[in-house]
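Asker: Just a sequence and a predicted model for now, questions to come.
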Amino acid sequence: MTKLLLIEHNNALAALIQQVVQLDRELRLVGRAANAAQALQLIAATRPDLILVDAPLPDIGFAEIIALALERAPMSKIVLLADDWGTRYFRAAIRYGVSACLCKDRLATDLIPTAHRLMRVALAERRYIHAQEKFASPQDTRSS
C-alpha cells in the first residue's frame, strides 16, 4: 500500500484527487494539507511514500516546501502539480528534488500511472540501498 499525502489548497482540486486516488487499491490518502505548516506536520506524522504538492502554495514557494519535505522524509517521492509547464520551471522542479511533474488538467489520466511508476522506482532504490548496506557490512568470518 502506497501512502499518499496531498498538499493542495484548492478544495475542488483536492476533491478530484481524492476521487482518483480512491479508484486504486494500491494508493491510500493519509492526509491533506492546505498550507506549509499543516504539510510539515503531516509529513512527520504519516511518513508518506508519495507527496503531491501544488505549485504554488499560498504561504511558501515550491522550492522551499520541496526542500523541507525531503528533509523530513528523504525517501518520499514528490510529484509537483502545476497549471502549465515551461521548460525552465520543469528543470527547476527536478533540480530541487521533484520526482515527477503533472499538469493539473491531466490528473484524472496521469496520476495513478505516475504513482505506480514512482513506487517501482522507490522499491528499486530501497533494494539497491539494502544491497549496498549488506555488501558494506563486515561479515563474521570466524570459524567455529
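Answerer: Structure's in. What do you need? Numbers count the residues shown, from 1 in each chain.
Asker: What part of the chain, helix or strand, is modelled with the least confidence?
Answerer: Each helix and strand of the chain was given a mean pLDDT (mean pLDDT, DSSP states H and E); the minimum falls on helix 87-95 at a mean of 76.
Asker: Against which helices or strands is it packed?
Answerer: helix 62-72, strand 100-103 (3 or more CB pairs under 8 Å, 6 or more residues apart in numbering; DSSP states H and E). (Glycine included, C-beta is placed from N, CA and C.)
Asker: Just the angle for the longest one relative to helix 87-95, thanks.
Answerer: This points to helix 62-72. On the basis of axes from the mean of the first three to the mean of the last three CA atoms, to 10 degrees, helix 62-72 is oriented at 10 degrees to helix 87-95.
Asker: Could you check how far helix 62-72 is from the centre of its chain?
Answerer: 11 Å (CA atoms, centre = their mean, to the nearest Å).
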